[in-house]
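# Return atomic coordinates for the entry below.
(2 chains)
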2 protein chains.
Amino acid sequence: MPGLPEIQVGDDLAEMIHAQCVAAGTDLVDGDVVIVTSKIVSKAEGAIIELDDIVPSPFAASWSEAWEKDPRVVEVVLRESRRIVRQLGPVLITETHHGFVCANSGVDQSSSGAHDRIVVLPKDPDASARRMRARFNDLGANVAVLISDTFGRPWREGQTDICVGLAGMHPMRSYIGEVDPHGHEFKVQELCVVDEVTAAAELVKGNTSRIPVAVVSGVDFTFDDDATMAPVLRDISRDLFR
Amino acid sequence: MPGLPEIQVGDDLAEMIHAQCVAAGTDLVDGDVVIVTSKIVSKAEGAIIELDDIVPSPFAASWSEAWEKDPRVVEVVLRESRRIVRQLGPVLITETHHGFVCANSGVDQSSSGAHDRIVVLPKDPDASARRMRARFNDLGANVAVLISDTFGRPWREGQTDICVGLAGMHPMRSYIGEVDPHGHEFKVQELCVVDEVTAAAELVKGNTSRIPVAVVSGVDFTFDDDATMAPVLRDISRDLFR
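Numbers count the residues shown, from 1 in each chain, chains lettered A, B, ... in the order given. The predicted model follows:
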């Protein structure tokens, strides 16, 4: 979905996306999935930090000096985290307050509109998605909303887009208890469909092309008004890599 | 792409997929990406282990007893691995000979056609993909081929389909050195597009529905005859979770 203007604090994203779809002659229809890059959600919600307001802690200052980083940015990364998962050389993998494990707490310096500002993840991405979904409903379209971000992963190079917030769509499609054509019962098969949909959406959004929204039609899912990211966030007691 | 029969050792998968596309009136066209579930590649190549032929090592036998597993299956998992990455309770995360880190070396018990047989990953999935791509070319379609499997991941519940072998398509789309609309240069942004395409394909394949092949049209990529999975496999020296 090309054509969105630069997003400002207070913008009504759902209304802008809806209008853009209408203008393009591709109206949203019930059952569509709207994938929105977290960056523009953060911008609309004002999840932007003025670096001039940040006083780095001694820990942030000394580590930044060792690795030639901006200590104010490092300070923000630390504030956005509840735990450091790995810190080696210049790499900082943290667990955010939401429970996401990622590089630099998902803090994004690339597109803040000015280099003395940085964009952080939305405070409650599920709530952001729910608000957008309600707004789309007001405008006549019963859609699911996924908020995406670009994360790295262990063991494999390259990033992929994954889901950080959702509304209207259960994140998983479970096969547990179902039986395959050979009579073998699935014991662990549960697909994280929201991560698959956000990955698919990245293919048409791209990262420099400034297309922060994609609409995917025809996804086989059942609406779930109470859906949240909670089933995706692995509890630390079940995690061998944290 | 529904309609493929049960795959047998020696089957010419590319020919069967091509014929199925023609029969369905959706001929493959240049630039399509054909995503094939590794399981049927393994079956066609005979990457199937008869459990009666397997003598478990003492290590496999004792661990299997502790966790009520079939010691022959555990033995195969160990043989398919070059290293155990994590072993805790009944969970075994290994690094395969190809360099994939996953549960149980990607060994699949669910659909082998009989319960005394198990399917292992193709020996050289890039080579499998290259052979299929060459065959599609013979049949008149210049397509990329991706071989997919369903893997779990740390930190997040649920699995997604990822790429384990490829031909014709570079696995990454790099933004490094490019500049965003605000003049900020991308330093690390490199998207693993093959994992995003296989994830997208899973949405229409499903796991119990026995649709092992999907075709994705319109992916923005440049053909690369020399492409392999190598750029995706993170070297252990750059990995904080191995």
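
# elements contacting the longest strand along chain A?
Assignment by DSSP state E gives strand A:160-169 as the longest strand of chain A. If you count contacts as 3 or more C-beta pairs under 8 Å, 6 or more residues apart in numbering or on different chains; DSSP states H and E, strand A:160-169 packs onto helix A:38-45, helix A:125-138, strand A:144-151, helix A:193-205, strand A:223-224, strand B:190-192, helix B:193-205. The way it works is simple: take the backbone N, C-alpha and C, and place the C-beta from them, glycine included.

# Each with direction, which strands does that strand pair with?
Applying DSSP bridges to the sheet, strand A:160-169 is found paired with strand A:144-151 (antiparallel), strand A:223-224 (antiparallel).

# so how far is it off the chain centroid?
6 Å (C-alpha atoms, centre = their mean, to the nearest Å).

# Stretch A:151-166 now?
With C-alpha atoms, centre = their mean as the basis, stretch A:151-166 stands 10 Å off its chain's centre.

# Turn the helices and strands packed on strand A:160-169 into TSV, columns for distance to residue A:56.
Listed next are the helices and strands packed on strand A:160-169 as TSV, based on distance: least, C-beta to C-beta, whole Å:
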stretch	distance to residue A:56
helix A:38-45	22
helix A:125-138	27
strand A:144-151	25
helix A:193-205	33
strand A:223-224	42
strand B:190-192	29
helix B:193-205	36
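
# For the helix or strand that the longest strand of chain A is followed by, which outside residues touch it?
Where DSSP states H and E defines the elements, the next helix or strand beyond strand A:160-169 is strand A:172-174. With contacts defined as C-beta atoms under 8 Å, 6 or more residues apart in numbering or on different chains, strand A:172-174 is touched by A:189, A:190, A:191, A:192, A:193, A:221, A:231, A:232, B:157, B:158, B:206.

# Try it again at 7 Å.
Strand A:172-174 is contacted from outside by A:190, A:191, A:192, A:193, A:231, B:158, using C-beta atoms under 7 Å, 6 or more residues apart in numbering or on different chains.

# ditto for stretch A:107-125
Stretch A:107-125 is contacted by residues A:38-39, A:41-43, A:45, A:47-52, A:73, A:76-77, A:80, A:96, A:98, A:106, A:128, A:147, A:149, A:164-165, B:180, B:182, B:184, B:186 when judged by C-beta under 7 Å, 6+ apart.

# Please list only the buried members of those residues.
A:38-39, A:41-43, A:45, A:47, A:49, A:51, A:73, A:76-77, A:80, A:96, A:98, A:106, A:128, A:147, A:149, A:164-165, B:180, B:186 (16 or more other C-beta atoms under 10 Å in any protein chain shown).

# For the helix or strand hosting residue A:85, buried residues please.
Per DSSP H and E, residue A:85 falls inside strand A:81-88. Within strand A:81-88, the residues that count as buried by 16+ other C-beta under 10 Å are A:81, A:85.

# Could you pull up the mean pLDDT of that strand?
Rounded to a whole number, the mean pLDDT of strand A:81-88 is 96.
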